[in-house]
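# With the sequence up front, the predicted model follows.
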Amino acid sequence: MMRRVYDIVVVFKEYLLFGLFFILSVTLLAFNDNQQIRAIRSIAVGSAGALQDLFSFIPGYLDLRRENDALREMNLVLADEVNRLREDRLETIRLRQLLNLKDHSPFRYVSADVVGKNLQLLRNTVTIDVGAKDGVNVNMPIVNDQGLVGKVAETSSGYAVGQILFNRELRISAKDQRSRVDGILRWEGGTSLTLQDVAKTLDVKPGDVMITSDYSSLFPEGIRIGIVNSARQVPGELFQAISVTPSVNFTLLEEVFVIVRSPDSSRAALENRQPR
């Protein structure tokens, strides 16, 4: 052990001597009252104070980092709370819009949640959590605050399947809200509907709002369907090529209303007796 200590002293003797002399010098300076020594001591103290002020930001920087981390964590918590409050607010707005629709209509509405969607086939449908026990029957219209969703196609006791506008089997008698031009809306694929049987001479323009027509025996008059995004003449054809974008966003569809109404049976019977 002593041999190892001796070897260390031999190797680092210059550093040890320097340290010893430095400590001795500092001690002599500290206890010496000579005027020159006091001046040197004063300069050393001033220099040390200046250096301390110069590097005093280092502890402050570390404190600021800790404070910034705490503030960042608090910001994440508040942002999450704001997002949840925003979602609650949007849901409240949607429900109010739906309730306003109910309040201003002469029909009775049954509210429902969409519990299933089939948006991959030509016969796109939604499943809702109301059925026959709630008074919902086949061919009743389905709407939300944005407009027409479709109609009920099948029912069970507690559920119903509805055909949406993007369904090849659904036909809707529609009217241009501005010009009052009538036509038949159907889906032929893509993200738009086609308004058929509109002659070239009739007035339909992009931006016009399409609503349900009073000629329909299934849908009440005046329900918003969508907006005309293009209306063009086709050479050699008698009718215009009119494309309509639905007002309802079916991808985000969550809540709907079923309009509880039955078609006029006498009107339907009379129309069915007419030759086709």
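Received, thanks. These figures come from a predicted structure and were not determined experimentally.

# Next up, the contacts around Asp208.
Each residue near Asp208 by CB atoms under 8 Å, 6 or more residues apart in numbering is listed here: Asp176, Gln177, Arg178, Ser179, Ile227, Val228. Every C-beta, even on glycine, is put in place using the N, C-alpha and C of the backbone.

# Quick check: the farthest pair among those?
Ser179 and Ile227 (13.9 Å; CB to CB).

# Which one's more surrounded, the two?
Ile227 (17 against 12; other CB atoms under 10 Å).

# Within its sheet, name the partner strands of whatever helix or strand that one lives in and how each one runs.
In the assignment (DSSP states H and E), Ile227 maps to strand 224-232. Neighbouring strands of strand 224-232 in its sheet, by DSSP bridges, are strand 209-212 (antiparallel), strand 241-246 (antiparallel).

# circling back to that earlier point, JSON lines for the contacts of Asp208, including pLDDT?
JSON lines is the format used below for the contacts of Asp208 (pLDDT from 0 to 100):
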{"residue": "Asp176", "pLDDT": "94"}
{"residue": "Gln177", "pLDDT": "92"}
{"residue": "Arg178", "pLDDT": "92"}
{"residue": "Ser179", "pLDDT": "92"}
{"residue": "Ile227", "pLDDT": "96"}
{"residue": "Val228", "pLDDT": "96"}
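
# of those residues, closest to Val77?
Nearest to Val77, judged by CB to CB, of the contacts of Asp208 is Ile227 at 41.5 Å.

# that older thread, can I get the strand holding Ile227 as PDB, trimmed to CA atoms?
Extracted as PDB, the C-alpha positions of strand 224-232 are listed here (Å, rounded to 0.1, in the frame of the first residue of the first chain):
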ATOM      1  CA  ARG A 224     -82.300  20.000 -48.400                       C
ATOM      2  CA  ILE A 225     -80.500  17.400 -50.500                       C
ATOM      3  CA  GLY A 226     -77.400  19.000 -51.900                       C
ATOM      4  CA  ILE A 227     -75.800  21.600 -54.100                       C
ATOM      5  CA  VAL A 228     -75.400  21.600 -57.900                       C
ATOM      6  CA  ASN A 229     -71.700  21.400 -58.700                       C
ATOM      7  CA  SER A 230     -72.000  21.200 -62.500                       C
ATOM      8  CA  ALA A 231     -74.600  21.600 -65.200                       C
ATOM      9  CA  ARG A 232     -73.600  21.100 -68.800                       C
END
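
# that older thread, quick one, which of the strands paired with strand 224-232 is nearest to Val149?
Using CB to CB, the nearest of the strands paired with strand 224-232 to Val149 is strand 241-246, at 8.9 Å.

# If we go by neighbour counts, what in the closest one is buried?
Ile242, Ser243, Val244, Pro246 (16 or more other CB atoms under 10 Å).

# Out of the contacts of Asp208, the closest to Arg72 would be?
Of all those, Ile227 has the smallest distance to Arg72: 44.2 Å, by CB to CB.

# ok, that closest one - contacts?
By CB under 8 Å, 6+ apart, the contact list for Ile227 reads Gly207, Asp208, Val209, Met210, Val244, Thr245, Ser247.

# I am finished for the moment; much appreciated.
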